[in-house]
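Novice: From the sequence below, what's the structure:
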Amino acid sequence: MIIPKADRLAHVQEYYFAKKLAEVAALNAKGKQVINLGIGSPDLPPSQETVEALTKSASQPSGHGYQPYRSLPSLRKAMADWYADTFEVTLDPETEVLPLMGSKEGVFHIVMAFLNPADKVLVPNPGYPAYATTARMAGAEPVFYNLSEENGWLPDMAQLEELASQGGVKLMWINYPHMPTGAQATQEVFEQLVSLARKHNFLLVNDNPYSLVLPKSKPKSLLTVPGAKDCCLELNSLSKSHNMAGWRVGMILGRKDYLDTILTVKSNIDSGMFQAVQHAAIEALHNSEEWHQERNAIYAERQKYVHQLLDMLQCKYQTNTVGMFVWARVPDHIADVEAYLDKVLYEAGVFLTPGKIFGSQGERYLRVSLCVPSEQIVESIKRIKQHNIIYS
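Specialist: Numbers count the residues shown, from 1 in each chain. Okay, here's the model as predicted:
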């Protein structure tokens, strides 16, 4: 007897990296020793103070029970203070900050809290696959809006106006600094998007975890736009900015009634964040500017070697991007980018991410992570040269 899967999964596939990393693990089991330049999991540790705060708190016998669904007031205050210092956004820690066990969790919570079947969701192409996947799981319809290199990977406002005018749009995702391209939005773009959300009465959400990784200017928040809280939310995370990806600490920022709606979903799914992780997150949010600069200096060095790798592959890329990835256009003589990158993986033992997994607008691109030591990037260059697959 076989129990059929739910209908909602008919158009939902296993996350690309879950499948690909299993493939990489199988190659490693055969002795391949693959260098993983595909996934953005920080290999650098959190600050020493963060780790010490975790161990100190975990050693206390009173901190191992269920925790408040809204998390500790001290964590909400630390998040509000961090937003004030970093983004110049004022938030009430009692009502406008909701900690999460990772911002990926927040994507799902927002979808479950606000979308009904047949609602439309505006999703960036290219963009984070979870935006479309969660919409489909809720029975909603993802409607893709195109981002292009020619437009600096920023939304085409005329196209958005056309899509929104067709009706039924309940939610729109943006993600600046943008993943996978590293593009930054301007304040003018944020203002135009807020105006569009007001005009067509939908919720606009900015997913903002990359602002502190190789920033080119002062970090920006959607919530700096006057009146943005009326129709906007912002997600953020300590995963990339504080080297805490596996710790699962994120946040949703915005108006009280929106967060209360999201909490209705969240409180039925988890039972609160481990207290020691909360205490560690508070400490992390007080990391010094010097700590962030030291981390970014390491990423900047790695980025130079990634640029050398991409130059060797005859790929074109931009140097003014933000975040822990380099997004590059593959030369036209490569007919099938994914097949070519599989060849690089199986012959040279180097895993690079095909841009098509982020949408059709990424078809001619690849993405390289900065989350490996410089020595491994140099080794990747040597391997690809040795296997003579540069011009394949």
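Novice: Per-residue confidence, the spatially closest residue to G182 that is not a sequence neighbour, what does it come out as?
Specialist: Once flanking residues are discounted, G182 sits nearest to T321: 2.7 Å by C-beta to C-beta, 6 or more residues apart in numbering. For the C-beta atoms, the positions are set from N, CA and C on the backbone; glycine is no exception. Here, the pLDDT recorded for T321 equals 94.
Novice: tell me the phi and psi of T321?
Specialist: Main-chain torsions, T321, degrees, to the nearest 10: phi -90, psi 160.
Novice: And the lowest mean pLDDT element among the helices and strands of this protein?
Specialist: When each helix and strand of the chain is scored by mean pLDDT, DSSP states H and E, helix 16-29 comes last, with a mean of 77.
Novice: Could you look up the SS state of P68?
Specialist: Using DSSP: H, G, I helix; E, B strand; the rest coil, the three-state assignment for P68 comes out as coil.
Novice: Assign a three-state SS to the nearest residue to it once chain neighbours are set aside, would you?
Specialist: In this structure, P68 finds its nearest non-sequential neighbour in G272, 5.9 Å apart by C-beta to C-beta, 6+ apart. Following three-state DSSP, the label given to G272 is coil.
Novice: how much space between G272 and A281?
Specialist: Distance from G272 to A281, counting by C-beta to C-beta, to the nearest Å: 13 Å.
Novice: With neighbour numbers in mind, choose between those two.
Specialist: Between G272 and A281, A281 has the larger neighbour count (other C-beta atoms under 10 Å), namely 30 against 18.
Novice: ranges for the helices of the stretch 1-150 of the chain?
Specialist: All helices of the stretch 1-150 of the chain, identified by DSSP state H, counting those that start in this stretch, fall at 16-29, 48-58, 73-87, 103-114, 130-137.
Novice: mind listing what's buried in the second one?
Specialist: Right, helix 48-58. 50, 53-54, 57 (16 or more other C-beta atoms under 10 Å).
Novice: quick one: V265 is in a helix?
Specialist: Yes - the assignment for V265, made by three-state DSSP, places it in a helix.
Novice: could I get the helices of the stretch 1-150 of the chain as CSV with distance to S374?
Specialist: Shown next, in CSV, are the helices of the stretch 1-150 of the chain (distance: least, C-beta to C-beta, whole Å):
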stretch, distance to S374
helix 16-29, 21
helix 48-58, 22
helix 73-87, 28
helix 103-114, 28
helix 130-137, 30
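Novice: and R255, which of the ones you listed is closest to it?
Specialist: Closest approach to R255 among the helices of the stretch 1-150 of the chain is made by helix 103-114 (12.6 Å; C-beta to C-beta).
Novice: And the contacts of the closest one?
Specialist: Helix 103-114 is touched from outside by 100, 121, 128, 130-131, 134-135, 137-138, 140, 170-171, 203, 205, 207, 209, 233, 235-237, 239, 248, 250-252, 261-262, 264-266, 269-270, with contacts defined as C-beta atoms under 8 Å, 6 or more residues apart in numbering.
Novice: quick one, what contacts the residue nearest to P68?
Specialist: Counting by C-beta under 8 Å, 6+ apart, G272 touches 66-69, 71.
Novice: looking at those residues, which has the most residues close by?
Specialist: Counting by other C-beta under 10 Å, top hit in those: S71 with 23 neighbours.
Novice: Okay, that one and K304: tell me how far apart.
Specialist: Distance, S71 to K304, using C-beta to C-beta: 39 Å.
Novice: Equivalent analysis for V213, please.
Specialist: Counting by C-beta to C-beta, the gap from V213 to K304 is 16 Å.
Novice: Find the nearest non-adjacent residue to K20, please.
Specialist: G38 (6.9 Å).
Novice: So V213 and K304 - more neighbours on which side?
Specialist: Neighbour tally, V213 and K304, criterion other C-beta under 10 Å: the higher count belongs to V213, 22 against 11.
Novice: got a list of what the nearest residue in space to F274 that is not next to it in sequence touches?
Specialist: Spatially, and ignoring its direct neighbours in sequence, F274 is nearest to Q67 (7.0 Å; C-beta to C-beta, 6+ apart). By C-beta under 8 Å, 6+ apart, the contact set of Q67 is 271-275, 278.
Novice: wait, which of the helices of the stretch 1-150 of the chain is closest to Q184?
Specialist: helix 73-87 (13.4 Å).
Novice: May I have the closest one exported as CSV, CA atoms only?
Specialist: Extracted C-alpha coordinates of helix 73-87, given in CSV (Å, rounded to 0.1, in the frame of the first residue of the first chain):
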residue,chain,number,x,y,z
PRO,A,73,12.3,40.9,25.7
SER,A,74,16.0,41.5,25.9
LEU,A,75,16.5,39.8,22.4
ARG,A,76,13.8,41.9,20.9
LYS,A,77,15.4,45.0,22.3
ALA,A,78,18.8,44.0,21.0
MET,A,79,17.3,43.5,17.5
ALA,A,80,15.5,46.9,17.7
ASP,A,81,18.7,48.6,18.8
TRP,A,82,20.7,46.9,16.0
TYR,A,83,18.2,48.2,13.5
ALA,A,84,18.4,51.7,14.9
ASP,A,85,22.2,51.7,14.7
THR,A,86,22.6,49.9,11.4
PHE,A,87,19.7,51.0,9.3
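Novice: Flag every buried residue along that helix.
Specialist: 75-80, 82-83, 86-87.
Novice: if I read this right, Y365 contacts I334, doesn't it?
Specialist: No - counting by C-beta atoms under 8 Å, Y365 does not reach I334; the two are 11.0 Å apart.
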